[in-house]
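Visitor: dropping a prediction and its sequence here:
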Amino acid sequence: MQFVKKISEELYWVGANDRRLALFENVYPIPRGVSYNSYLWTDEKTVLFDTVDKAVSHQFFENIQAVLGDRPLDYLVVTHMEPDHCAVIDELVLRYPNVKIICNTKIQGLIKQFFDFDIDSRAVIVKEKDTFSSGKHTFTFVSAPMVHWPEVMVAYESTEGILFSADAFGTFGAINGNIFADEVNIDRDWMDDYRRYYTNIVGKYGVQVQALLKKAAGLDIKMICPLHGLIWRENIGELIEKYQLWSSYTPEDAAVTLFYGSIYGNTENAVDILAGKLADRGVKNITVYDASVTHASYLISEAFRCSHIVFASATYNNGIFVSMENLLHDLAAHNLQNRTMAIIQNGSWSPASGRLMKEILSSLKNNTILEEELTLKSSLKPEQEQSLDALADAIAASVVPGFENEKKDEGKENGSMKKYVCDVCGYVYDEAEGDPDNGVAAGTKWEDVPEDWVCPLCGVGKDQFSEEA
Ligand SMILES: Cc1cc2nc3c(=O)[nH]c(=O)nc-3n(C[C@H](O)[C@H](O)[C@H](O)COP(=O)(O)O)c2cc1C
């Protein structure tokens with residue numbers, strides 16, 4: 001039987017859900033399913049906006065038939081040619097032989113590539129800002145290239161202020177009866193899927209999404225009808241604000257997420273301890289993920305949400321551990337920007353993962369990689385705790401408001417750490433850092449540095465050092 005939802009006086013949702021599909025685009029896990037949305041206007045002319053994936057075609061055709069009754073289908077608008085929205089165009093043409101297809105020339109070309117039916121005789125070609133009237137309703141077509149295929153266009157219905165946004169503003173998750181975003185708890189149940197859908201599917205194309213948002217800003221949008229997920233008719237600004245953040249690569253939360261790639265658990269151990277130290281410094285809502293266990297799409301989404309990311313990896317055959325390497329390439333492919341990043345490397349004989357991780361990350365724009373790093377030689381040792389503290393301090397200083405000042409004040413109360421400069425070569429001995437390579441632990445006061453300690457750069461003794469002014 002049909003599963004149709006009336007959206008407006010003459011507008012019906014005639015899409016369908018798929019809760020069996022394991023991987024959307026054969027990549028992204030969708031435990032909450034997905035909906036393929038299609039919209040049918042019953043104006044003086046009948047107009048269908050997009051079709052659906054092959055897997056749900058039976059429900060879809062039943063829905064159209066139920067709404068149309070004896071009426072013909074006059075027009076199909078194809079907003080883009082990804083097969084999850086247009087797999088059944090050929091079957092639609094067989095069922096409704098007189099249907100005209102409204103599309104742009106790029107879409108027309110792709111229809112020829114995907115199908116064998118004669119598109120030219122039924123195509124109604126529209127260009128930027130062209131309008132089409134179905135009777136009481138007028139639609140304006142606006143291109144949205146690379147959101148997220150090159151031929152994409154969206155359509156704006158001006159009488160009711162409805163934006164048919166193609167894949168923009170879509171989400172993973174099947175429609176569970178409630179088709180409107182204002183009927184569900186978006187923050188609790190849906191926002192993670194909105195973010196994961198956007199960042200993984202469209203995240204690479206921030207510039208193009210910004211261009212679409214600029215075009216949309218000039219419209220009085222009262223309803224957004226995307227091709228996946230919920231329809232928005234209230235608090236539309238909330239979703240647009242998220243799109244502004246995601247498409248400008250602005251972190252949503254001042255928060256730390258830690259990703260690790262670990263074979264035997266020692267890198268994981270260091271990450272757990274670091275996460276604990278961050279919590280001690282007042283960092284809240286920390287998240288930690290094993291890159292081998294959590295699907296990369298969730299980590300991409302977390303990376304777009306959080307301002308700070310720690311990458312920790314074992315060295316593997318002179319490279320980065322496999323799951324971490326894949327994740328880093330994935331992040332690079334999604335153009336991640338404007339983050340503060342920290343590195344922990346591990347290796348039993350020749351640790352190289354830190355350098356290699358930095359190589360990939362430094363190909364990305366506008367990120368800061370903290371100087372404080374940690375190298376593990378197989379496992380974290382108690383004498384490295386000071387270095388881990390320094391890393392935690394550096395991260396906390398840029399996440400927790402007021403943290404740095406607090407630490408400075410503490411330093412003053414305790415008699416702050418001093419620095420001593422080698423008069424011969426300029427090497428600086430910092431009491432906070434010590435000289436762990438030569439047996440002087442971080443935090444060692446100058447007077448406690450052994451008298452036989454020598455400058456690690458030029459070899460002169462302590463007597464050749466002066467306190468930094
Ligand atoms: C297949 C394999 C290849 C490895 N290759 C390297 C390497 O090239 N250089 C190195 O220093 N360590 C190498 N290691 C050692 C691990 O990086 C090292 O034991 C590390 O401490 C593992 O960290 P984990 O306990 O977090 O898994 C390799 C380990 C395995 C299993």
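Guide: Happy to help now that I have it.
Visitor: burial measure for the residue in the stretch 251-400 of the chain that the ligand sits nearest to, as a count.
Guide: Nearest to the ligand in the stretch 251-400 of the chain, going by Cβ to the nearest ligand atom, is G347, at a distance of 2.6 Å. (C-beta placed from N, C-alpha, C; glycine too.) When neighbours are defined as other Cβ atoms under 10 Å, G347 has 19 of them.
Visitor: what sits against it?
Guide: A314, T315, S353, T375, L376, K377, S378 (Cβ atoms under 8 Å, 6 or more residues apart in numbering).
Visitor: surely the last one and G265 touch.
Guide: The one in question is S378. No - counting by Cβ atoms under 8 Å, S378 does not reach G265; the two are 11.2 Å apart.
Visitor: figure out the helix or strand that A432 lives in.
Guide: For A432, there is no enclosing helix or strand under DSSP states H and E.
Visitor: does it touch M417 like I think?
Guide: Yes - counting by Cβ under 8 Å, A432 does reach M417; the two are 4.2 Å apart.
Visitor: pull up the overlap in contacts between those two.
Guide: G443.
Visitor: ok, S134 to W41 distance?
Guide: For S134, the distance to W41 (Cβ to Cβ, to the nearest Å) stands at 6 Å.
Visitor: so for these two, which residue has more residues nearby?
Guide: Remark: of S134 and W41, W41 carries more neighbours, 27 against 19, as counted by other Cβ under 10 Å.
Visitor: so what's that one up against?
Guide: Contacts of W41 by Cβ under 8 Å, 6+ apart are E10, L11, V47, L48, F49, S134, H137.
Visitor: mind running it again at 10 Å?
Guide: 7-12, 47-49, 67, 74-75, 77, 134-137, 139, 157, 162 (Cβ atoms under 10 Å, 6 or more residues apart in numbering).
Visitor: cool, P436 as well?
Guide: Counted by Cβ under 10 Å, 6+ apart, P436 has contacts E383, Q384, Q386, S387, A442, T444.
Visitor: quick one: least confident of these?
Guide: Lowest-confidence member of the contacts of P436: A442, scoring 82 (pLDDT).
Visitor: need the contact list for D272.
Guide: Neighbours of D272 in contact, by Cβ under 10 Å, 6+ apart: L258, Y260, G265, V288, L380.
Visitor: now the second one: closest residue in space that isn't a chain neighbour?
Guide: In this case it means Y260. With Cβ to Cβ, 6 or more residues apart in numbering as the criterion, Y260 has its nearest non-adjacent residue at 4.2 Å, and that residue is A312.
Visitor: in its sheet, what does the strand or helix carrying that neighbour sit against?
Guide: When elements are assigned from DSSP H and E, A312 belongs to strand 306-316. Note on strand 306-316: by DSSP bridges, its sheet partners are strand 253-261 (parallel), strand 319-320 (antiparallel), strand 340-346 (parallel).
Visitor: as TSV, these with mean neighbour count would be great.
Guide: Below are those laid out as TSV (neighbours: other Cβ atoms under 10 Å):
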stretch	mean neighbour count
strand 253-261	22
strand 319-320	20
strand 340-346	23
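Visitor: any idea how far P97 is from the ligand?
Guide: 61 Å (Cβ to the nearest ligand atom, to the nearest Å).
Visitor: which two of the contacts of P436 have the greatest separation?
Guide: Greatest spatial distance in those: Q384 and T444, 14.9 Å, computed using Cβ to Cβ.
Visitor: what about E238, neighbour count?
Guide: 13.
Visitor: for the nearest residue to it once chain neighbours are set aside, what are its contacts?
Guide: Leaving aside its sequence neighbours, E238 sits nearest to I186 (Cβ to Cβ, 6+ apart; 7.6 Å). Counting by Cβ under 10 Å, 6+ apart, I186 touches T171, D193, Y194, L230, W232, N235, E238, L239, K242.
Visitor: in this structure T42 contacts A66, no?
Guide: No - with contacts defined as Cβ atoms under 10 Å, T42 does not count as touching A66, sitting 11.4 Å away.
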